[in-house]
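Undergrad: Mind folding the following:
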Amino acid sequence: MTTPHPGATRPRPQPDQETEFFWTSGRDGRLRFRSCTACSALIHPPQPVCRHCRSHDTDIRAVSGRATLIGFTVNHRFPLPGLPTPFLVAQVAIEEDPRVRLTTNVVGCGPEDLRIGMGMEVDFERVGDTWLPLFRPAADQPDPAPLPADDPPPAYVRGGVRRPPATDRFEERAVISGAGASRIGRRLMVPPLHLTVEACERAVADAGLTLDDIDGLSTYPGGGAYGGFAEGGVTALESALGLRPVWHNGAGETFGPGGSVIAAMLAVAGGLARHVLCFRTVWEATYAELVRQGKIELPRGSTADGWFKPFGAVSPAVMLAMNAQRHMHRYGTTRETLGWIALNQRAGAARHPDAIYRTPLTMDDYLTARPIATPFGLYDCDVPCDAATAVVVSAAETAPDLRRPPVRVEAVGTQIVERPEWDQATLTHEPQVLGQAAHLWTRTDLRPPDVDVALLYDGFTFNCLSWIEALRFCAIGEARDFLEGGKNIARDGMLPLNPHGGQLSHGRTHGMGLLHEAVLQLRGEAGARQVDDARTAVVSSGGLTPSGVLLLRTDR
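TA: This next block holds a predicted model:
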């Protein structure tokens, strides 16, 4: 087990005007936070206003340096200069205000010595002209403390979401008229824009339209996306196809990958466009291979931006693993609970001719796979691939003229109720699912038992579990019983889940592949994996950003 130590050559934090005090406060061995002078709350990450009482009166406050361990993971997969794997990443709740948590490294012990709720104390490590607040077990150990309360508490999430201001809902003025997907593979070695064009042409043809009918373009995350996650955005596609959109949208700060579709719905509902082409492309597998071959050079630097990277938390797997660990701690969830999701997705992929992984998976295969970030193993993680997915969102009044019966959007859920920072958000679920899921059910008279098929984001098995509970297919904390044996989520079960294999086995199409499968299921075109008489589908769109969720239906 690798632990940080003074003198390790690792990237230093990247202080700015707002955070310099934090990264240099260890110079005298004192941990400091911005603090509200009106209500005494600690404000982290530093902000000019207190989010709790909204006072602008703040100052810098030294604290005791004591904290409670609220999560940890052994990172086996993602090394960092100065931190060869395996090494510990942890999260602690600050004694003076447990709503504030730090992502950090543990020194002075191994994972076998740690338990959630134990007392910790700060131990600074100097890196260049900054000081990293690491933590070690405190000398005196009281009885383990319980996990701090979620902020906001579940009662607020259930009752605090906004209800529609009117009965006239924008969802009724938009339909999904076409869907298309490119070829998919591990390393296609095809430029990403080629895949985008392939998927978009298929989606437009599927709708019975021509490219000249398209007057809007919408994508996530847009042209500024980092390597392997896009083709260049709206401008790249417009240039390739010679389109003349009257409206366009490309953004990462939206409702997850499905945000492009929700934005398109708003555009057609507001009369800005009639047919909006929404697309999403990933080419992670080829990108990684080109990096390996030296044909793409990764940017090199000696700094680690943000609040996670200085401690080696460079992957969502590392961060989400601690949420999964806390769910297990609080509710008795087990690795087998997550395993049933992985096995279900693999069984679905076996019925999909284009799925990347179709070989049967057993629970023993799952449990003995190489570790990634405890408790996650290899089969808890989705499959990087090359693929593009596209759908056409059309004005509802065009439905009689479309090639196929349209898929209608019954409701969307988009409200944020949690902190946007991952380590400050919910303790026991994927961040940014609870509020969005609760919001969905305020915009429809349908309820969870009305859903015939669920396409739930599964970048990791735990994402899926989080959505299952958030959307009330079972109560919070009851996923262990709901998932036991996999029967409830099988294709012929109570809640058929990702019947195409999801991102865990079909491939990481980053949310849009789930929407594509939902359209096929609702049109009865899913072949061997078709869910009988599927008329309603829920599609979640989660990831690094605030997420969204759509409830779809068909009139067929």
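Undergrad: residues contacting residue 132?
TA: In this structure, residue 132 makes contact with 4, 13, 23, 26, 104, 105, 124, 125, 126, 310, 311, judged by CB atoms under 8 Å, 6 or more residues apart in numbering. Where you see a C-beta, it was placed from the backbone N, CA and C, and this is true even at glycine.
Undergrad: Give the rounded mean pLDDT of stretch 388-395.
TA: In this model, stretch 388-395 has an average pLDDT of 98.
Undergrad: Would you point out the helix or strand in this structure whose mean pLDDT is lowest?
TA: Ranking every helix and strand in the chain by mean pLDDT, DSSP states H and E puts strand 303-304 at the bottom, with a mean of 66.
Undergrad: by contact count, what packs against the helix or strand following it?
TA: Using DSSP states H and E, the next helix or strand after strand 303-304 towards the C-terminus is helix 316-331. For helix 316-331, the contact count by 3 or more CB pairs under 8 Å, 6 or more residues apart in numbering; DSSP states H and E identifies strand 66-75, strand 87-94, strand 371-373, strand 376-377, helix 461-470, helix 479-483 as packing neighbours.
Undergrad: Need the ones you listed in CSV (columns: distance to residue 398).
TA: Rendered in CSV, the data for the helices and strands packed on helix 316-331 read as follows (distance: least, CB to CB, whole Å):
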stretch, distance to residue 398
strand 66-75, 49
strand 87-94, 50
strand 371-373, 46
strand 376-377, 44
helix 461-470, 31
helix 479-483, 40
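Undergrad: Would you mind checking the contacts of residue 132 for buried ones?
TA: Among those, those classed as buried by neighbour count (16 or more other CB atoms under 10 Å) are 4, 13, 23, 26, 104, 105, 124, 125, 310, 311.
Undergrad: Tabulate those residues (CSV), appending secondary structure and pLDDT.
TA: Rendered in CSV, the data for the buried ones among the contacts of residue 132 read as follows (DSSP: H, G, I helix; E, B strand; the rest coil; pLDDT from 0 to 100):
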residue, secondary structure, pLDDT
4, coil, 51
13, strand, 92
23, helix, 97
26, helix, 95
104, strand, 97
105, coil, 96
124, strand, 97
125, strand, 94
310, helix, 92
311, helix, 94
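Undergrad: Adding distance to residue 224, write those residues out as CSV.
TA: Formatted as CSV, the entries for the buried ones among the contacts of residue 132 read as follows, by distance: CB to CB, whole Å:
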residue, distance to residue 224
4, 33
13, 23
23, 26
26, 34
104, 30
105, 31
124, 35
125, 33
310, 24
311, 26
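Undergrad: can you give me the strands for the stretch 101-250 of the chain?
TA: In the stretch 101-250 of the chain, the segments counted as strands under DSSP state E, counting those that start in this stretch are 101-104, 119-127, 130-137, 174-181, 216-219, 247-250.
Undergrad: what stretches of this protein score poorly on pLDDT?
TA: Within the chain, the stretches falling below the threshold (pLDDT under 70) are 1-8, 155, 299-303, 543-545.
Undergrad: Distance of the residue nearest to residue 346 when sequence neighbours are not counted relative to residue 350?
TA: What sits nearest to residue 346 in space, not counting adjacent residues and going by CB to CB, 6 or more residues apart in numbering, is residue 361, at 4.0 Å. Between residue 361 and residue 350 the distance is 9 Å, computed by CB to CB, to the nearest Å.
Undergrad: same question, residue 386
TA: Between residue 386 and residue 350 the distance is 21 Å, computed by CB to CB.
Undergrad: Neighbour count: these two, which is higher?
TA: The residue with the greater number of neighbours, taking residue 386 and residue 350 and applying other CB atoms under 10 Å, is residue 386; the counts read 29 against 16.
Undergrad: residues touching residue 366, list them.
TA: Residue 366 makes contact with 335, 339, 342, 343, 377, 379, according to CB under 8 Å, 6+ apart.
Undergrad: If you could redo that for residue 444, that was the one I meant.
TA: Contacts for residue 444 (CB under 8 Å, 6+ apart) come out as 410, 411, 551.
Undergrad: OK, contacts around residue 229?
TA: Listed by CB under 8 Å, 6+ apart, the contact partners of residue 229 are 221, 282, 284, 510.
Undergrad: Any figure for the gap between the last one and residue 296?
TA: To tie it back to what came earlier, the one meant is residue 510. Distance check for residue 510 against residue 296: by CB to CB, it reads 20 Å.
Undergrad: ok, back up a step: restricted to strands, list the contacts of residue 366.
TA: Within those, membership in strands is found for residue 377, as judged by DSSP state E.
Undergrad: Now render the contacts of residue 366 as CSV, adding distance to residue 168 and neighbour count.
TA: Rendered in CSV, the data for the contacts of residue 366 read as follows (distance: CB to CB, whole Å; neighbours: other CB atoms under 10 Å):
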residue, distance to residue 168, neighbour count
335, 47, 17
339, 45, 24
342, 43, 27
343, 44, 25
377, 48, 22
379, 46, 26
